[in-house]
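Asks: how does the following fold in three dimensions:
(chains A and B)
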Amino acid sequence: MSFPYLVAKTFWVLPLILQVAIALGMLKRKMPTIFPIFFGYTTFIIFKELALMFLPYGHRLHALTYWGCEALAVVLGLAVIFEILGTVLPPSPSLRFVLNSVCIFGAIAAITALLMLIMTKGGTGADPIFEYIILAERSVRFLQVVLLIVVIALMSRLGLTWRDVSVGIIAGFGIYSAVVLAGFEFRAHLHVVSDANLVLLNSAAYNLAAMIWAFYILRPRRGTLVEHLPQANLGEWNNAVREYVHQWYRH
Amino acid sequence: MVSTLIILGVALLALVFAYSLLRGGHGELLDEDEWTEKNHVIDVEIFRVLLDRKEEAQLRSCLSGNQFAKFQRRRIRLALGMIRLVDENAGKLMGLGRLAKMKGDAALEQKVDDLIAIAFQLRLNLLLARLCLYLKWLFPSWPVSLPAFEVRYQHLLDSLHTTNSVIA
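Replies: Residues are numbered from 1 along each chain as shown, chains lettered A, B, ... in the order given. Below you'll find the predicted structure:
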């Protein structure tokens, strides 16, 4: 048994085990009601891997299942970003503009991703369809990474700390998507990474993401010591700062 | 080549952001006593005085150009320092609020949501204020006036809510 084979097998089995543990941990802590889409994503990945295990490798059905599930996983990954945003934003009508701003950023990123796909000279390699699939996935990953950057920037303004589960979920997606995006760029556009290394890089990044999720979902929770909110003059400060902002910004 | 640079830049930025998100918040508070010990006591009236236009006009009329610029920069540095402390206070309160939310008390949860909403608005306003103050620091004599994107949007929302409440 060669070392690369062992690494590839470990990278395949480890996240599967971790995601089963994540799903069970979420069920035990009644978290599917808080993060239903992330729970759906986790269980979907488990079933996808199990289905692929029983389908004969190299057959058309295996390839169709793999790429179909991959597309659905990307869509679910995008939905998780909005789910987390909905969870961390307080239900205040005055903050609806934040969600709208993220949607606008998303739309701009989606248009950029589409333009990148159209303008790149793809399909020139040995397998043109595979080249196009990689370019399409690169574009979608670009959209995902841009949205993640916006959401992470917002989360840091929302006072979330490393203890929050939402932070772990988004950070996991952020690291995975960023590495995959860079990998696709190195493979599809610069041609400096082989297909085998791209697969290995993706697996390594996914393993890291699964470890982060597992850490956040499975670690023991401490009881809260906060019974009341302290008195603070945030409203007064907000009014004072807003006055100056209105003074300085033209209407 | 440009698209490659953009993509790799975006990927790198996401990695840095994700890492800073995981590393962030180590100065968070765990209970109310810690808040009493560690919060920054800052008087909003001092902030108002530092940025008061009348005071600024008076200083301009009393001092020479260079002296005014020097004095004004010192005032702005103080105001920026206060903004940093208020920002930290808001962040700590939001963290404390999130801990309180874990208790599962519905009334407390509502208070926490209100606190987070106002703290978030404050932090956004502080960002805008900071941008203006940096410009004012660079050009102390310039009466800062910037296009208002977010402010306009906020006005629109405010008027919408007022209309809704009148109709209701």
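Asks: quick one, phi psi at A:Ile34?
Replies: Reported as degrees, to the nearest 10, the phi and psi values for A:Ile34 are phi -90, psi -40.
Asks: for B:Gly104, see how far away it is.
Replies: Taking CB to CB, to the nearest Å as the measure, A:Ile34 and B:Gly104 are separated by 12 Å. Quick note: C-beta positions are derived from backbone N, CA and C, even for glycine.
Asks: ok, these two, which is more surrounded?
Replies: With neighbours defined as other CB atoms under 10 Å in any protein chain shown, A:Ile34 and B:Gly104 compare such that A:Ile34 has more, 14 against 8.
Asks: please, which helix or strand holds the closest residue to that one other than its chain neighbours?
Replies: Excluding the flanking residues, the one nearest A:Ile34 by CB to CB, 6 or more residues apart in numbering or on different chains is A:Thr87, at 6.6 Å. Under the assignment given by DSSP states H and E, the secondary-structure element containing A:Thr87 is helix A:60-88.
Asks: next SSE downstream of that helix?
Replies: Next along the chain after helix A:60-88, taking DSSP H and E as the criterion, comes helix A:96-119.
Asks: centre of the chain to that following helix, how far?
Replies: Offset of helix A:96-119 from its chain centre (CA atoms, centre = their mean, to the nearest Å): 16 Å.
Asks: now do stretch B:100-116
Replies: Using CA atoms, centre = their mean, the distance from the centre of stretch B:100-116 to the centre of the chain it belongs to is 22 Å.
Asks: so where is chain B shaky, pLDDT-wise?
Replies: Segments of chain B classed as low confidence (criterion: pLDDT under 70) are B:24-30, B:144-168.
Asks: show the residue spans covered by the strands in it.
Replies: Taking DSSP state E as the criterion, chain B contains strands spanning B:146-147.
Asks: what count of nearby residues applies to the residue nearest to A:Ile34?
Replies: Taking other CB under 10 Å as the neighbour definition, A:Thr87 ends up with a count of 14.
Asks: now A:Ser2: how far from chain B?
Replies: 30 Å (CB to the nearest CB, to the nearest Å).
Asks: which residues are in contact with the residue nearest to A:Phe105 when sequence neighbours are not counted?
Replies: With CB to CB, 6+ apart as the measure, A:Val150 is the residue that lies nearest to A:Phe105, at 4.8 Å, once sequence neighbours are left out. The contact partners of A:Val150, taken as CB atoms under 8 Å, 6 or more residues apart in numbering or on different chains, are A:Ser101, A:Val102, A:Phe105, A:Gly106.
Asks: correct me, but the last one touches A:Val145?
Replies: No: the criterion here is CB atoms under 8 Å, and A:Gly106 misses it with A:Val145 at 11.5 Å.
Asks: same drill for the two, tell me which one is more crowded.
Replies: Set side by side, A:Gly106 and A:Val145 give different neighbour counts by other CB under 10 Å, the larger being at A:Val145 (29 against 19).
Asks: and the residue nearest the centre of chain B, how far from B:Tyr19?
Replies: Ranked by distance to the mean C-alpha position of chain B (CA atoms, centre = their mean), the top residue is B:Leu126 at 2.1 Å. Plainly put, B:Leu126 is 24 Å away from B:Tyr19 if you go by CB to CB.
Asks: so what's the residue count around residue 70?
Replies: All of this is about chain A. Applying other CB under 10 Å, we find 13 other residues in the vicinity of A:Glu70.
Asks: should've been chain B
Replies: There are 12 residues near B:Lys70, going by other CB under 10 Å.
Asks: which parts of chain B are helices?
Replies: In chain B, the helices defined using DSSP state H lie at B:2-23, B:32-38, B:44-50, B:53-62, B:65-101, B:106-138, B:149-167.
Asks: do the same with the stretch 101-250 of chain A
Replies: A:128-157, A:165-184, A:195-218, A:234-248 (DSSP state H, counting those that start in this stretch).
Asks: quick check: mean pLDDT of the first one?
Replies: The one in question is helix A:128-157. When pLDDT is averaged along helix A:128-157, the result is 80.
Asks: what's the angle from that helix to helix A:60-88?
Replies: Following axes from the mean of the first three to the mean of the last three CA atoms, to 10 degrees, one obtains 10 degrees for the angle between helix A:128-157 and helix A:60-88.
Asks: what is the distance between helix A:128-157 and the centre of its chain?
Replies: When distances are taken as CA atoms, centre = their mean, helix A:128-157 is centred 9 Å away from the chain's centroid.
Asks: same deal with stretch B:60-76?
Replies: For stretch B:60-76, the distance from its own C-alpha centre to the chain's C-alpha centre is 25 Å (CA atoms, centre = their mean).
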